[in-house]
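S.K.: Prediction below, plus the sequence it came from.
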2 protein chains.
Amino acid sequence: MNLDKLKFDRGLIPVIAQDVDTKRVLMLAYANEEAIRKSIETGFAHYWSRSRNKLWMKGEESGNTQRIVKIVADCDYDALLYLVRQKGNACHTGRYSCFHNELFGGKDRDG
Amino acid sequence: MNLDKLKFDRGLIPVIAQDVDTKRVLMLAYANEEAIRKSIETGFAHYWSRSRNKLWMKGEESGNTQRIVKIVADCDYDALLYLVRQKGNACHTGRYSCFHNELFGGKDRDG
């Protein structure tokens, strides 16, 4: 696993988590290098919590884990996409996706 | 259009652009408040270019514009999702999606 190309901003890189089955975008979070390595080693999505300032396995408390299927970097290696199998809901509010506050457009797409 | 709830980090908020038809994640970029307002006013996705330090309409040079269908904020209002109709390819490399550099998992999902 060569992460040398990745460009971290103050040690972090933004990560989009997408449900590989439904294709829904679940959340945007941040990872440091350790979080990426842990995600690959364990098969479960890890992130860096900026509010708690610690490494964090998604679902470690809620049980709503994310199985890593694929990790893809973007063209300039400063953003990642985790393709995951989401267990339960991704959002701490109990919604399936964190993206449920509509600012513009059609009605809420989050069931 | 009330953007008061949005949390900008040094004036910017990360934006995920997703193709509303194929559900593919196309790119991660950043917007300031003006970029969001311009996106809504014009119906075309606008961003803030961090490298060029200027407001930027996606496709203004390439013609590969993004029609805004919906804009959704996440649970804590510090990330946005633009649901778009992508004209041509989203990536400056000529790929459909910017996310085409696989770090881990199955073979490249970008055609």
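M.R.: Good, I have the coordinates. The structure presented is a predicted model; accordingly, all values stated were derived computationally and were not measured.
S.K.: Look up the residues forming beta bridges with the residue nearest the centre of chain A.
M.R.: The central residue of chain A, meaning the one whose C-alpha is nearest the mean C-alpha position (Cα atoms, centre = their mean), is residue A:17 at 3.5 Å. In this entry, residue A:17 is beta-bridged to residue A:27, residue A:82, by DSSP bridges.
S.K.: my read: it touches residue A:66, true?
M.R.: Yes. Counting by Cβ atoms under 8 Å, residue A:66 is a contact partner of residue A:17 at 6.2 Å. For glycine as for every other residue, the C-beta is placed from the backbone atoms N, C-alpha and C.
S.K.: So for the two, which residues contact both of them?
M.R.: A:26, A:45, A:58, A:82, A:84, A:86, A:90 (Cβ atoms under 8 Å, 6 or more residues apart in numbering or on different chains).
S.K.: closest to residue A:5 among these?
M.R.: residue A:82 (17.1 Å; Cβ to Cβ).
S.K.: circling back to that earlier point, may I have the predicted confidence score for the residue nearest to the centre of chain A?
M.R.: Looking at residue A:17, its pLDDT is 98.
S.K.: and residue A:21, how many neighbours does it have?
M.R.: By other Cβ atoms under 10 Å in any protein chain shown, 11 other residues sit near residue A:21.
S.K.: ok, now which ones touch the closest residue to it other than its chain neighbours?
M.R.: Nearest non-adjacent residue to residue A:21, counting by Cβ to Cβ, 6 or more residues apart in numbering or on different chains: residue A:85, 6.8 Å away. Residue A:85 makes contact with A:19-21, A:66-67, A:69, according to Cβ under 8 Å, 6+ apart.
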